[in-house]
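# Need the 3D shape of this:
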Amino acid sequence: MFMYSLPLFFEHIHFFSVADFGMFVVGLLVILIINANYSEKTEYQQSLNNYLFASWSGNIALMWVAVPFFILLNIALFAADTMAKTGIFTVSIWDDIHLIFFLPVIWWTVSIWRCSTNTNYLIFGAFSRFLTISVFLEYALKMLIRIDYPRIFFECEELFLDYGNCF
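Model (predicted):
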């Protein structure tokens, strides 16, 4: 996450500096830690029979929701960005891939928010909520790069069929 978009944001767009971004991240983490909830129950349903519904309803431990999906999402986003950067994917295929990933991100966000109380430490719940907000910030940066600055990310010289999307 932020492998290609954040360096482009700081190098070419100059909307705010690295120090401003750091203060924003720390402030967001502090707000999420202050608002973290603690659950009284210590036993969580560990059954993976109906994993999707159990995580959606908040009946599963936070670790089983946050870690697998976050790893898979980052691998998929990195692969899509790498292929778009090298010219294998066109601009419209890159848009379609991110649109396809958006619905599972919504599911994951709701699941994280509901399961964030199912942990022994408040900091893990706050950090997992921070990661979900970071995914939406990543999507916002990619949208900004796609709409306003496509020539700095995509290989527009090699995209003959999709060259109109680079303007």
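# Where does the prediction get shaky in the protein?
Applying pLDDT under 70 to the chain picks out residues 13, 38-49, 155-167.
# residue closest to the middle of it?
The centre of the chain sits closest to residue 135, judged by C-alpha atoms, centre = their mean, with a distance of 1.9 Å.
# give me every residue that touches that residue.
1, 73, 105, 108-109 (C-beta atoms under 8 Å, 6 or more residues apart in numbering). (Each C-beta comes from the backbone N, C-alpha and C, glycine too.)
# Could you rerun that using 7 Å?
Counting by C-beta atoms under 7 Å, 6 or more residues apart in numbering, residue 135 makes contact with 1, 73, 105.
# Name the helix or strand for it, please.
Using DSSP states H and E, residue 135 sits within helix 122-148.
# chain center to that helix: distance?
Mean-position distance between helix 122-148 and its chain equals 5 Å (C-alpha atoms, centre = their mean, to the nearest Å).
# Residue 80 contacts residue 96, doesn't it?
No. The pair residue 80 / residue 96 is not scored as a contact, 9.8 Å apart, by C-beta atoms under 7 Å.
# now the helices for the chain?
5-8, 18-34, 51-57, 62-86, 91-115, 122-148 (DSSP state H).
# quick one: the longest one to helix 62-86, angle?
The directions of helix 122-148 and helix 62-86 differ by 20 degrees, with axes from the mean of the first three to the mean of the last three C-alpha atoms, to 10 degrees as the criterion.
# Name the residues of stretch 137-155 that come out as buried.
137-139, 141-142, 145-146, 150, 153-155 (16 or more other C-beta atoms under 10 Å).
# Of the residues you listed, which is the nearest to residue 15?
Using C-beta to C-beta, residue 141 comes nearest to residue 15 of the buried residues of stretch 137-155, at 9.8 Å.
# residue contacts, the closest one?
Residue 141 makes contact with 5-6, 9 under the criterion C-beta under 7 Å, 6+ apart.
# hmm, 6 Å instead?
Neighbouring residues of residue 141 by C-beta atoms under 6 Å, 6 or more residues apart in numbering: 5, 9.
# This completes my enquiry, with thanks.
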